[in-house]
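>>> The following comprises the amino acid sequence and a computationally predicted model.
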Amino acid sequence: MRSRLFNIIVIIIFVIILGVCFYYMYPFQSSIKLGLDLRGGTQIILKPIERGAEQVTSEAIDKAQLIILNRIDRLGISEPLVTRDFNNNIIVQLPGVDDPERAIDIIGKTAQLEFKILQSVDENENPVFGPTLLTGDKLVKAAAGYDSSGRIVVTMSFNDEGAQQFEKITSENVGQRLAIVLDDEMKSAPVIRQAIAGGDAVIEGIPTLEEAKDIALVLQTGALPVNLEMQEAQYIGPTLGQDSLQQSILAGIIGFVLIAIFMLALFRGLGLISIIGLTYYVVIFWGILAALETPVTLPGIAGVVLTIGIAVDANVLIFSRIKEEMIKGKSRLASFTEGFRNALKAIIDSNITTLITAAALYRFGTGPIRGFAVTLAIGVIISMFISLIFIRAILFMIVNSRAVTPGFIGVRIPKSSQGDSQGEIVGKK
Amino acid sequence: MAKSKKAAKKIKKRKQPQTIQPADEAKKTFIADKKPEKTKEPSLIETKALRFDFIGKNKYWVILSTALIIAGIIFFFIRGFNFGIDFLGGNLIEVKFKQDITITELRKEMEEIGYGKAILQSTEKNQFIIRTVPITEEQKDAILEKLDDSIGIEKPLIQDRNVAPGFSKTITRNALIAVAISVVGILIYVWIRFAVRFAVVAIIELLHDVLIIFSFYIVTFREFNTTTIAVVLTILGYSLSDAIVIFDRIREELRVNKRDSFPLIVNYSINKILVRSLSTTATTLFPVIVLLIIGNETLKDFAFGLFIGVLSGTYSSIFVGAPILIAWNNRFPKYKK
């Protein structure tokens, strides 16, 4: 009787978990965050490269990530994601953005602004500069606009320290040309007519207003501490992602129905219980994905579809063992107990090895592989949990009820022909 | 390990006369297990060959595996893998055109603008994937502009990917590290839970499955990309579960059955586990097959690899792993020969 109470408690706990999952699942349309490959958008992978004497340190990458995020925010893109992978590549995800090139221009631009004296021009017409006198980190404001003669310019204001330096530079170099260099490219080199106080400067020679706006934006967010090299840029249109999502879900549903039919055919009543378990599995999986708020990618969805098949495995193992015991002529209770005990080792060993694989994939994988590892691990854990605790509790609740005939389990037993519709007697004893 | 040694000792002593009768037992279970299904080929299942002779006939199964892998190797030297831009670097755009256009017409169009070598692939009606070597943004814009002028392009594009050459090195390196780590983890775990020979055989099975998947990708010249890596990694997990379920059964039978020889016990264990193996293969394959039928190119890629891998995983536990275990035991007897 005590174990009966225990089973009831287990089932109640599972019903509560079910409720929690439903809470997270609601609203169904938007409970799960979708990855870029499913919702459409742009993903850029950037590799940090040392700039001059500056090394690629973890702090430098952190700072670069912050600056990138800051730049994206100013573009008004919703829900951007800036992360770092195992190799210290920076991964930028921009949902809904359909122009990867412009995104790279803005995000990947180092924005190293330097003021130098233009000394001469060499034989290849490359400018020769003096030492850097002032850098962009003393900027407080940058804005794009037109000057009095209608040319596109970016105006910049310095902070007090920068303004003083700027005044000093201009007063000491009257008559020289002051080059404004952005990312090693000379933008303009006006002749200094007089000392300039107040700390305002102007970049000229920009072809379009949009580019001027982009320059102003990157100047304001500051220079990246490292240079970034584009490794991969990917844009997935909204229709492609939707197709993939719908087809995966459809495959999941059809697969589910086929599995259900198969289990009913093979295990009859027990099959029905495994369908309950499987439904429960899908709901918990959904709830966990929604609660974790990790974006689900296409390989992730495929992982879910695949784990549905694998989730049934534990049931098949247990049910086959129960059948085996029943055929040996053991009582129902003994068969159920033995069946679970015999299947336990196989289930645990096979699932733990899968978990080892998932852990290695998560730790060392990149992007989509990681997403896949997460779903694989979640699937394995939930399925173990359901088959070894939930289904066990249900089975032991009903084991003594009259419904559990050999036919219910899909076994024909000599002598007792109950539930045997075909009336076949197989096996000799 | 300790347990199995004990079992082995007991086998040597061979004192208990009461043992189960493998042949009878298997037959009985088999028929009882299968009947409710109303299988269409009862003859096949009830024939002696399928019921018992997994090991005896293993020569033929080895031929199947070897032939596939050799075909893979031959084609590997003929034309190698069809690596996607993930590995080679380059540009890929998927475009939907406003007018009706065939792939031949599009190829002509691409030749005219100087990209005759671009790889074209039709995905839907008037929708194509155009793959080129690494090109600059300006070059890509020029291609799109020209195609827009001559045929008309629906905006926005379906997809647009640009991978720097050499980027795959890190992906591949990561995948290899991940595999190496999990292989070591699995070896240790299986060693502790079973015996070192089981651990080695499990790894051989995994290697077999990977080679089979690679062979299929090479022979069918299917694109090999990062998705493929994810597929291979998944199959590692799947195949391993399958191997372990059989090992578990062998371990159990070795403990109960002290009279029969190791090959007989292995054979009997496989028979016992067969329904489970086939059921799990079926249930795993259902969604995969549906994806293979209804999915778009990306999903089909995924499903194709899984399909081959799941089949190979089931096959290898029975026809690759078991014979090796037996051969190993013949050479270095640990259990009754």
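All right, it came through fine. Residues are numbered from 1 along each chain as shown, chains lettered A, B, ... in the order given.
>>> Do a quick rundown of the helices in chain B.
B:2-13, B:22-34, B:42-46, B:48-52, B:58-78, B:85-88, B:103-112, B:137-150, B:167-193, B:196-219, B:226-256, B:262-294, B:297-315, B:322-331 (DSSP state H).
>>> With respect to A:Gly145, which of the ones you listed lies nearest?
Closest to A:Gly145 of the helices of chain B is helix B:137-150 (CB to CB; 26.7 Å). (Each C-beta comes from the backbone N, C-alpha and C, glycine too.)
>>> Would you mind checking which helix or strand in chain B has the lowest mean pLDDT?
helix B:42-46 (a mean of 34; mean pLDDT, DSSP states H and E).
>>> re the thing from before, looking at the helices of chain B, which one has the lowest mean pLDDT?
The weakest mean pLDDT among those belongs to helix B:42-46, with a mean of 34.
>>> I'd say A:Thr132 and A:Lys116 touch.
Yes. The pair A:Thr132 / A:Lys116 is scored as a contact, 5.5 Å apart, by CB atoms under 8 Å.
>>> So for residue 55, what's the pLDDT?
Defaulting to chain A. 75.
>>> The intended chain is chain B.
At B:Ile55, the pLDDT recorded in the model is 65.
>>> what ranges do the strands span in chain A?
A:41-49, A:81-84, A:90-95, A:113-121, A:127-135, A:139-146, A:152-158, A:177-182, A:185-188, A:200-203, A:227-236 (DSSP state E).
>>> quick one: which of those strands is nearest chain B?
The closest of those to chain B is strand A:227-236. By CB to the nearest CB, the value is 4.0 Å.
>>> list the buried ones in that closest one?
Within strand A:227-236, the residues scored as buried using 16 or more other CB atoms under 10 Å in any protein chain shown are A:227-228, A:230-236.
>>> Can you convert the residues you listed into a markdown table and add a column each for distance to chain B and pLDDT?
A markdown table is the format used below for the buried residues of strand A:227-236 (distance: CB to the nearest CB, whole Å; pLDDT from 0 to 100):
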| residue | distance to chain B | pLDDT |
| --- | --- | --- |
| A:Asn227 | 14 | 86 |
| A:Leu228 | 12 | 86 |
| A:Met230 | 6 | 85 |
| A:Gln231 | 4 | 86 |
| A:Glu232 | 5 | 86 |
| A:Ala233 | 4 | 87 |
| A:Gln234 | 4 | 85 |
| A:Tyr235 | 4 | 87 |
| A:Ile236 | 5 | 85 |
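>>> what's the closest non-adjacent residue to the residue of the stretch 301-429 of chain A found nearest chain B?
At 3.2 Å from chain B, A:Gly309 is the closest residue in the stretch 301-429 of chain A, using CB to the nearest CB. Leaving aside its chain neighbours, A:Gly309 sits nearest to B:Thr284 (3.2 Å; criterion: CB to CB, 6 or more residues apart in numbering or on different chains).
>>> Distance of the one you found relative to B:Gln139?
45 Å (CB to CB, to the nearest Å).
>>> Same drill for those two, tell me which one is more crowded.
Comparing B:Thr284 with B:Gln139 by other CB atoms under 10 Å in any protein chain shown, the one with more neighbours is B:Thr284, at 30 against 14.
>>> Now render the helices of chain B as a markdown table, adding distance to A:Ser331.
Listed next are the helices of chain B as a markdown table, based on distance: least, CB to CB, whole Å:
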| stretch | distance to A:Ser331 |
| --- | --- |
| helix B:2-13 | 28 |
| helix B:22-34 | 17 |
| helix B:42-46 | 29 |
| helix B:48-52 | 28 |
| helix B:58-78 | 39 |
| helix B:85-88 | 58 |
| helix B:103-112 | 67 |
| helix B:137-150 | 73 |
| helix B:167-193 | 31 |
| helix B:196-219 | 34 |
| helix B:226-256 | 20 |
| helix B:262-294 | 21 |
| helix B:297-315 | 34 |
| helix B:322-331 | 34 |
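>>> so which of those helices comes closest to A:Gly150?
Going by CB to CB, the one of the helices of chain B nearest A:Gly150 is helix B:137-150, 27.7 Å.
>>> Relative to the whole chain's centre, how far out is that closest one?
Relative to its parent chain, helix B:137-150 has a centroid offset of 40 Å by CA atoms, centre = their mean, to the nearest Å.
>>> ok, and for it, which residues are buried?
B:140, B:143-144, B:146-147, B:150.
>>> what sits against residue 330?
Since no chain was named, I'll use chain A. Shown in contact with A:Lys330 (CB atoms under 8 Å, 6 or more residues apart in numbering or on different chains): A:Glu338.
>>> wrong one, I was asking about chain B
So B:Asn330 contacts B:Lys337 (CB under 8 Å, 6+ apart).
>>> Relative to chain A, how far out is it?
Relative to chain A, B:Asn330 is positioned 26 Å away (CB to the nearest CB, to the nearest Å).
>>> Skipping adjacent residues, who's closest to whichever residue of the stretch 1-150 of chain A sits closest to chain B in space?
Among the residues of the stretch 1-150 of chain A, A:Asp98 lies closest to chain B, at 4.3 Å counting by CB to the nearest CB. Leaving out its chain neighbours, the residue that sits closest to A:Asp98 by CB to CB, 6+ apart is B:Pro156, at 4.3 Å.
>>> for A:Ala197, same thing?
In space, and not counting its chain neighbours, A:Ala197 is closest to A:Glu167: 4.9 Å by CB to CB, 6+ apart.
>>> Quick check: pLDDT value at the one you found.
87.
>>> That one: neighbouring residues, count only.
A:Glu167: 16 neighbours (other CB under 10 Å).
>>> who are the neighbours in contact with it?
A:195-197, A:199.
>>> mind redoing it with 10 Å?
For A:Glu167, the contacting residues are A:158, A:195-199, by CB atoms under 10 Å, 6 or more residues apart in numbering or on different chains.
>>> farthest-separated two in these?
Maximum distance among the contacts of A:Glu167 (CB to CB): 14.2 Å, for A:Phe158 and A:Ala195.
>>> Between these two, which is the more surrounded one?
Between A:Phe158 and A:Ala195, counting by other CB under 10 Å, A:Phe158 is the more crowded of the two (21 against 14).
>>> tell me which residues form a beta bridge with that one?
A:Leu139 (DSSP bridges).
>>> residues near B:Val179, how many?
By other CB under 10 Å, 20 other residues sit near B:Val179.
>>> Grab the nearest non-local neighbour of B:Gly152.
In space, and not counting its chain neighbours, B:Gly152 is closest to B:Lys98: 3.4 Å by CB to CB, 6+ apart.
>>> was I right about that neighbour contacting B:Gln127?
No. Contact criterion CB atoms under 10 Å: B:Lys98 and B:Gln127 do not qualify, at 11.2 Å.
>>> anything in contact with each of these two?
B:Glu154.
>>> Compare the two and say which one has the larger neighbour count.
Higher neighbour count among B:Lys98 and B:Gln127: B:Gln127, with 17 against 11, using other CB under 10 Å.
>>> quick one: pLDDT of residue 259?
If you meant another chain, say so; for now it's chain A. For A:Ile259, the model assigns a pLDDT of 91.
>>> Not quite, go with chain B.
pLDDT for B:Arg259: 79.
>>> Measure how buried it is and give me the count.
Neighbours of B:Arg259 under the rule other CB under 10 Å: 17.
>>> cool, and the one 3 residues further on?
The number of residues packed around B:Phe262, counting by other CB under 10 Å, is 22.
>>> same thing with B:Ile289?
18.
>>> what residues are up against it?
A:251, A:254-255, A:258, B:282, B:303, B:306-307.
>>> swap the cut-off to 8 Å and go again
Contacts of B:Ile289 (CB under 8 Å, 6+ apart): B:303, B:307.
>>> And B:Ile93, by the same measure?
B:129-130, B:140, B:144, B:157, B:159-161.
>>> what does A:Ile215 give?
Going by CB under 8 Å, 6+ apart, the list of residues near A:Ile215 reads A:142, A:144, A:154, A:182, A:203, A:206.
>>> Highest neighbour count among those?
Most neighbours among the contacts of A:Ile215, by other CB under 10 Å: A:Val154, with 25 neighbours.
>>> That one contacts A:Ala143, doesn't it?
Yes. Counting by CB under 8 Å, A:Ala143 is a contact partner of A:Val154 at 7.0 Å.
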